[in-house]
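1. Provided below for reference: sequence and predicted model.
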Amino acid sequence: SASGLDKKKVMLVYYIGGVTFMEIAALRYLSNLPDFPFRIVICTTKLVNGGTFLGSLFAEVDNPLKAERMMAQGGAEER
């Protein structure tokens, strides 16, 4: 009920460096339980998904084939 939510204290959860949608879903689930004593507010510096996570694991490397292709098309090398 709406009045039950008003009686709950607020818990601020702040993720530095990113949070996944699954982590947000888990906290929302807890927050919606009738016996859970807090209403959770989630803040983050970044939303992370599979692509952004894997991309953060690998340093960008120079790709000579990509550079040749870009030069052949008349464009500058992308980074």
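-> Arrived safely. Here the structure is a predicted model, which means the values were calculated and not measured.
2. now the helix or strand containing Met11: how far from the chain's centre is it?
-> Applying DSSP states H and E as the criterion places Met11 in strand 9-15. Centroid separation for strand 9-15 versus its chain: 16 Å, with CA atoms, centre = their mean, to the nearest Å.
3. model confidence over it, on average?
-> Throughout strand 9-15, pLDDT has a mean value of 96.
4. cool, and stretch 19-35?
-> Over the span of stretch 19-35, the pLDDT mean works out to 95.
5. ok, now stretch 70-79?
-> Along stretch 70-79, the predicted local confidence has a mean pLDDT of 64.
6. mind listing the strands for this protein?
-> For the chain, applying DSSP state E gives strands covering 9-15, 19-20, 38-44, 47-48.
7. Centre-most residue in the protein?
-> Against the mean C-alpha coordinate of the chain, by CA atoms, centre = their mean, the closest residue is Leu47 at 1.5 Å.
8. Go ahead and confirm it touches Met22.
-> No: between Leu47 and Met22 there is no contact under CB atoms under 8 Å: 11.3 Å. The way it works is simple: take the backbone N, C-alpha and C, and place the C-beta from them, glycine included.
9. gap between Met11 and Lys46?
-> As judged by CB to CB, to the nearest Å, Met11 and Lys46 stand 21 Å apart.
10. more neighbours, these two?
-> A count of neighbours by other CB atoms under 10 Å puts Met11 above the other of Met11 and Lys46, at 15 against 11.
11. How about that one: what's its closest non-neighbour residue?
-> Distance criterion CB to CB, 6 or more residues apart in numbering; nearest residue to Met11, sequence neighbours excluded, is Phe38 at 3.9 Å.
12. Quick check: bridge partners of that neighbour?
-> Per DSSP bridges, the residues bridged to Phe38 are Lys9.
13. residues touching it, list them.
-> 8-11, 31 (CB atoms under 8 Å, 6 or more residues apart in numbering).
14. Just give me the longest helix of this structure.
-> Counting residues, the longest helix found in the chain (DSSP state H) is helix 21-32.
15. and that one with strand 9-15, angle?
-> With axes from the mean of the first three to the mean of the last three CA atoms, to 10 degrees as the criterion, the two stretches helix 21-32 and strand 9-15 enclose an angle of 170 degrees.
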